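1. Sequence first, predicted model second:
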Amino acid sequence: MRGSVHPQPPISAANGKADLVHLGAVGARPVARQRPMTAPLWKAPSYLVAFPRQCQTVARKGPYGEAMTESARILLVEDEPTLATQIAAGLRREAWVVDHVGCLSDAIEALLTASFRLILLDRRLPDGDGLALVKVAKSRPSPPAIIFLTARDQIEDRVEGLDAGAEDYLVKPFALNELLARVRAACRRQPQGMADHRITVGRLAFVPTTREVEIAGRPIRLPRRELLLLELLAARAGRVVQRDRLDAEIYGFETNVSSNALETHVSRLRRRLVDLEAGATIVTVRGVGYMLRPL
């Protein structure tokens, strides 16, 4: 939804947050623009095209209490660049991988080639009503949660969105901290029987619903990329996670990632586990991927 942003207090350099920022204030909406004939916003990784089920959620537990938890990726479908940038920045501060598209057709293409934990969805898009994406999303084997972000504030609009299958409906303008809280709430929801489980490898414990990390009972804060990496490896603890999958889930559709970025983050996390005496390590399976296992 294109519109102006309400005047807002500056983002604090101390915490990098703007808790009271109101985003997506309604303004005059221009005539829907046509998609420019440019290169695609992203190119799906080859393994996703060849093996579309590879990133899907499977609700089962393994030998370390691990479950195939949802992807850490969020698909943001919003055609206003400034608003999208503000939302994406807030989500990335909370260690989510954000893939942004600006129209319905790109959203459908992204949804059919990758796995997402959550979709933040505008309704008024240049090429149609975002409501049309809900049916596609909910028909996936591992359907993502959906939160509508829209200026359509009538009761009938809200009921229509929720009845279509969305988990939540947030009317613009909204406070960024409220959106982040709703994202956390939507992502805490788990299949029956999975709500309170934790993954334990050595002295390392990971709680998928809250994304909390503990070592010997002590809470540990990890940098964003390392937390994403640990989340993926813990979900298949004791089994190899393919490199291509890690690349796709950690970096999304970003194009400015160096070729050795994954190795760098694996090395840093492996060294951190040693320094913190986690009783767990990351094993490199040459030519295939990586595995989290106890020492």
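-> That came through fine.

2. Residue nearest the middle of the chain, spatially speaking?
-> Note on the chain: the residue nearest the mean C-alpha position is Arg73, at 2.4 Å, using CA atoms, centre = their mean.

3. longest single helix anywhere in this structure?
-> helix 261-275 (DSSP state H).

4. quick check: angle from the helix or strand that that one is followed by to helix 261-275?
-> Next in sequence after helix 261-275, counting helices and strands by DSSP states H and E, comes strand 280-285. Between strand 280-285 and helix 261-275, the angle comes out at 150 degrees (axes from the mean of the first three to the mean of the last three CA atoms, to 10 degrees).

5. Go through strand 280-285 and flag the buried ones.
-> Across strand 280-285, burial judged by 16 or more other CB atoms under 10 Å covers Ala280, Thr281, Ile282. Just so you know, the C-beta spots here come from the backbone N, C-alpha and C atoms, and that holds for glycine as well.

6. same check, this time on stretch 288-295
-> Using 16+ other CB under 10 Å as the test for burial, stretch 288-295 gives Gly289, Tyr290, Met291, Leu292, Arg293.

7. mind checking how far the residue nearest to Glu214 when sequence neighbours are not counted is from Leu276?
-> Distance criterion CB to CB, 6 or more residues apart in numbering; nearest residue to Glu214, sequence neighbours excluded, is Ala205 at 4.4 Å. Going from Ala205 to Leu276 by CB to CB, to the nearest Å gives 12 Å.

8. returning to what we had before: list the helices and strands the longest helix of the chain packs on?
-> helix 224-235, helix 243-251, strand 280-285 (3 or more CB pairs under 8 Å, 6 or more residues apart in numbering; DSSP states H and E).

9. Nearest to Val201, out of those?
-> strand 280-285 (4.4 Å; CB to CB).

10. For the closest one, name the packing helices and strands.
-> helix 261-275, strand 289-294.

11. go again using 10 Å as the cut-off
-> Contact here means 3 or more CB pairs under 10 Å, 6 or more residues apart in numbering; DSSP states H and E; on that basis strand 280-285 packs against strand 199-201, strand 204-207, helix 224-235, strand 241-242, helix 261-275, strand 289-294.

12. Relative to Ala175, which of these is closest?
-> Nearest to Ala175 among these is helix 224-235; the distance by CB to CB comes to 22.3 Å.

13. Excluding chain neighbours, what is closest to Ala278?
-> Leu204 (4.3 Å).

14. returning to what we had before: give me the phi and psi for the residue nearest to the centre of the chain.
-> Main-chain torsions, Arg73, degrees, to the nearest 10: phi -100, psi 140.

15. And for the spatially closest residue to it that is not a sequence neighbour, the neighbour number?
-> Spatial nearest neighbour of Arg73, chain neighbours left out: Val97 (4.5 Å); criterion: CB to CB, 6+ apart. Number of residues near Val97 (other CB atoms under 10 Å) recorded here: 23.

16. so what's Val97 up against?
-> Residues in contact with Val97, defined by CB atoms under 10 Å, 6 or more residues apart in numbering, are 71-75, 91, 116-117, 224-225, 228, 248-254.

17. let's see 8 Å
-> Contacts for Val97 (CB atoms under 8 Å, 6 or more residues apart in numbering) come out as Ser71, Ala72, Arg73, Ile74, Leu228, Glu249, Ile250, Tyr251, Gly252.

18. same thing with Glu94?
-> Listed by CB under 8 Å, 6+ apart, the contact partners of Glu94 are Leu180, Val183, Arg184.

19. Output the lowest mean pLDDT helix or strand found in the protein.
-> Least confident helix or strand, the chain: helix 46-50 with a mean of 32, by mean pLDDT, DSSP states H and E.

20. tell me which residues form a beta bridge with the nearest residue to Gln242 once chain neighbours are set aside?
-> Using CB to CB, 6+ apart and skipping residues adjacent in sequence, the residue nearest Gln242 is Gly289, 4.3 Å away. On the basis of DSSP bridges, Gly289 is bridged to Gln242, Val285.
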